[in-house]
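1. I would like the atomic coordinates for the input below:
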Amino acid sequence: MMCERLPADRCQKNTDMPVDSLWKNDRGIALVFVLWVVTLLSVIVGEFCYTMRTEVNITRNFKDTTQARYIARAGINAALINAIAAGSGSQSEETETEEVTWRINAETPEIPFANGYYTVRITDELGKVNINYAPPRLLKVVLSSFELDEDVINTIVDSIQDWRDPDQFHRVNGAEDDYYQGLPEPYECKDADFDTVDELLLVKGVSEDLMDAGLRDMVSVFHVEAKDKERQSKLRALFTRINLNAAADAVLRGLPGVTDETIEIIKEYREESDFSSFDDVREILGDDIYKGIMPYITLRRSPYCLVQCRAHIAGSENVSVTEALIAINRDFDKGYGILRWREGNV
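-> Okay, here's the model as predicted:
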């Protein structure tokens with residue numbers, strides 16, 4: 001109807017336009033479709049590259065972590081060979097050649113191994129207070145390092161003793177079942193040795209804040225065992241005192257008359273060598289401090305050592321930390337036993 005009203009040439013042009021326009025529209029749709037496909041493929045390729053890069057990093061990290069863990073284990077074994085299993089702290093020919101000094105209560109320099117290196121620190125556990133065997137006076141030394149009221153200290157000391165003794169009779173400031181059963185979440189007094197340091201949180205007077213403030217690092221709980229009862233008794237008696245050569249600052253701070261200045265003097269002396277006699281202690285610290293700390297200290301090494309090894313991989317930020325609590329004991333087939341083993345990454 002429209003063509004009848006228009007000139008012929010214009011009618012012809014209008015007839016051709018829908019076909020030409022349709023062709024152009026098809027080409028445009030195809031172009032848009034291709035662009036969408038290219039975009040989609042680009043996203044897929046980018047995601048694939050990202051995934052591959054992530055997997056490569058995960059694999060590399062796993063490899064470095066595994067290597068660091070075994071380097072740390074090598075450090076533990078080296079400590080056993082050079083300082084513990086020998087029983088005298090003497091060096092092997094290998095470590096003498098490498099000029100590595102192995103000392104109890106001191107950290108070694110960086111020791112190259114494989115494609116990394118490790119450092120080792122061997123700590124005599126007699127530098128901590130074993131709450132399974134410590135007498136009241138030694139427990140008070142630990143707690144005196146904190147700003148606690150005398151009543152709180154007496155409560156904790158008595159409650160620790162009540163927790164580990166087998167009877168149901170509580171001390172003046174202590175607690176037994178009658179106290180613990182009356183708590184909102186009741187439980188029984190253990191009446192046996194502590195198995196973990198965190199078990200202290202169950203004892204009357206001990207709080208999470210106190211543990212986090214340093215108490216957790218100042219005590220130990222491992223059990224001293226020997227086939228010979230007389231020898232076992234002697235071993236347990238060791239833990240009625242602390243080793244002046246191994247005690248941490250916080251433990252030293254609780255000793256009578258010991259100040260921050262005294263602690264610095266002790267640490268400076270220990271950097272060069274351990275105290276080998278009580279005459280050395282008297283000479284370095286003076287008569288007054290010597291008389292005050294004498295009932296609490298010993299210079300004897302215990303057969304229990306904590307070996308801590310930190311391993312590093314060259315070109316990697318991975319650090320593996322392995323910790324082993326070692327007992328030098330002739331009752332074991334190898335002459336030593338591993339009481340605790342922990343591994344982790346920093």
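2. Which other helices and strands does the helix or strand residue 69 falls within contact?
-> Residue 69 is part of helix 8-79, with elements assigned from DSSP states H and E. Counting contacts by 3 or more C-beta pairs under 8 Å, 6 or more residues apart in numbering; DSSP states H and E, helix 8-79 packs against strand 111-113, strand 116-124, strand 304-313, strand 319-328, strand 336-345. C-beta coordinates here come from the backbone N, C-alpha and C atoms, glycine included.
3. Isn't residue 224 up against residue 236?
-> Yes. Counting by C-beta atoms under 8 Å, residue 224 touches residue 236, with 4.9 Å between them.
4. what touches both of those two?
-> residue 133 (C-beta atoms under 8 Å, 6 or more residues apart in numbering).
5. show me what contacts residue 308?
-> Residue 308 neighbours (C-beta under 8 Å, 6+ apart): 120, 121, 122, 123, 321, 322, 323.
6. just curious, which of the residues you listed is nearest to residue 103?
-> Nearest to residue 103, judged by C-beta to C-beta, of the contacts of residue 308 is residue 122 at 7.5 Å.
7. The closest one is in contact with residue 80, isn't it?
-> No. The criterion here is C-beta under 8 Å, and residue 122 misses it with residue 80 at 9.7 Å.
8. Could you list the low-pLDDT ranges of the stretch 201-346 of the chain?
-> Confidence mapping of the stretch 201-346 of the chain against pLDDT under 70 gives the ranges 330-331, 333.
9. What ranges does it have for its strands?
-> 219-220, 242-243, 297-298, 304-313, 319-328, 336-345 (DSSP state E, counting those that start in this stretch).
10. what's the burial count for the closest residue to residue 181 other than its chain neighbours?
-> Spatial nearest neighbour of residue 181, excluding adjacent residues (C-beta to C-beta, 6 or more residues apart in numbering): residue 188 at 7.1 Å. Neighbour count for residue 188, taken as other C-beta atoms under 10 Å: 11.
11. what's the answer for the one 10 residues further on, then?
-> Close neighbours of residue 198, defined as other C-beta under 10 Å, add up to 13.
12. Check whether it really touches residue 215, as I assumed.
-> No. Counting by C-beta under 8 Å, residue 198 does not reach residue 215; the two are 10.6 Å apart.
13. For the residue lying closest to residue 240 once chain neighbours are set aside, what are phi and psi?
-> Spatial nearest neighbour of residue 240, excluding adjacent residues (C-beta to C-beta, 6+ apart): residue 135 at 5.4 Å. The phi/psi pair for residue 135 (degrees, to the nearest 10) reads phi -70, psi 170.
14. returning to what we had before: want to throw the contacts of residue 308 into TSV with neighbour count?
-> Compiled in TSV, these are given as follows (neighbours: other C-beta atoms under 10 Å):
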residue	neighbour count
120	24
121	17
122	24
123	20
321	16
322	24
323	17
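15. And the helices in the stretch 201-346 of the chain?
-> Along the stretch 201-346 of the chain, counting by DSSP state H, counting those that start in this stretch, helices occupy 208-210, 216-218, 229-238, 249-253, 260-272, 278-285, 287-293.
16. Quick check: buried residues in the fifth one?
-> Spelled out, it's helix 260-272. Residues of helix 260-272 classed as buried: 262, 263, 265, 266, 269, 270 (neighbour count, 16 or more other C-beta atoms under 10 Å).
17. three-state assignment of residue 132?
-> Judged by DSSP: H, G, I helix; E, B strand; the rest coil, the three-state class of residue 132 is coil.
18. Now for the closest residue to residue 67 other than its chain neighbours, how many residues are close by?
-> For residue 67, the nearest residue in space outside its immediate sequence neighbours is residue 313; the separation is 5.7 Å by C-beta to C-beta, 6+ apart. Counted by other C-beta under 10 Å, the residues lying close to residue 313 total 20.
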